[in-house]
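Engineer: below is the structure, and that's it, no one-letter string:
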């Protein structure tokens, strides 16, 4: 069972001491990949994802949940980049559910490049959906107000599908 969730940037994540009671979600894009902590495999489990920190503008129609190569190119700054998609959210939901259903207590750590948007969105969803504490809130550094709205929308959709499929 997940006892708490923490979110952070890659610098903080690189300083974490590997632990058998910690699982990690690592979200970077291909240009940030060189910053990914090398010791993720030393934790209990890890999920590596690749997508940029981009989202629909408020008031504009939502982008497709799954995007074509052309749609990614139209939205992202570089041709090689990929926006978050429903498949990414489904992988997060499955990873979190697997560890939350385990009998042992574990901590979930989510990191992205800066610890502000992508990781905050995942932490916010985990905290709300599974009612898991986010002990960092209130420390003056970690805030949820920058949580990526597209990632949140896709996680909500994926968790609904996951619940209906169960």
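Structural biologist: Everything's here; your move. Keep in mind the model is a prediction, meaning the values are calculated, not measured.

Engineer: skipping its backbone neighbours, what lies nearest the residue nearest the centre of the chain in space?
Structural biologist: Residue closest to the mean C-alpha point of the chain, counted by CA atoms, centre = their mean, is residue 122 at 4.1 Å. Counting by CB to CB, 6 or more residues apart in numbering, residue 110 is the residue found nearest to residue 122 once chain neighbours are left out, at 4.5 Å. From N, CA and C alone the C-beta is placed, and that goes for glycine too.

Engineer: chain center to the helix or strand where the one you found lies: distance?
Structural biologist: If you go by DSSP states H and E, residue 110 is part of strand 106-112. Distance of strand 106-112 from the chain centroid (CA atoms, centre = their mean, to the nearest Å) equals 9 Å.

Engineer: describe which strands that strand pairs with in its sheet and in which direction.
Structural biologist: Counting by DSSP bridges, the strands paired with strand 106-112 are strand 2-9 (parallel), strand 22-28 (parallel).

Engineer: TSV for these, including distance to residue 54?
Structural biologist: Listed next are the strands paired with strand 106-112 as TSV, based on distance: least, CB to CB, whole Å:
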stretch	distance to residue 54
strand 2-9	18
strand 22-28	12
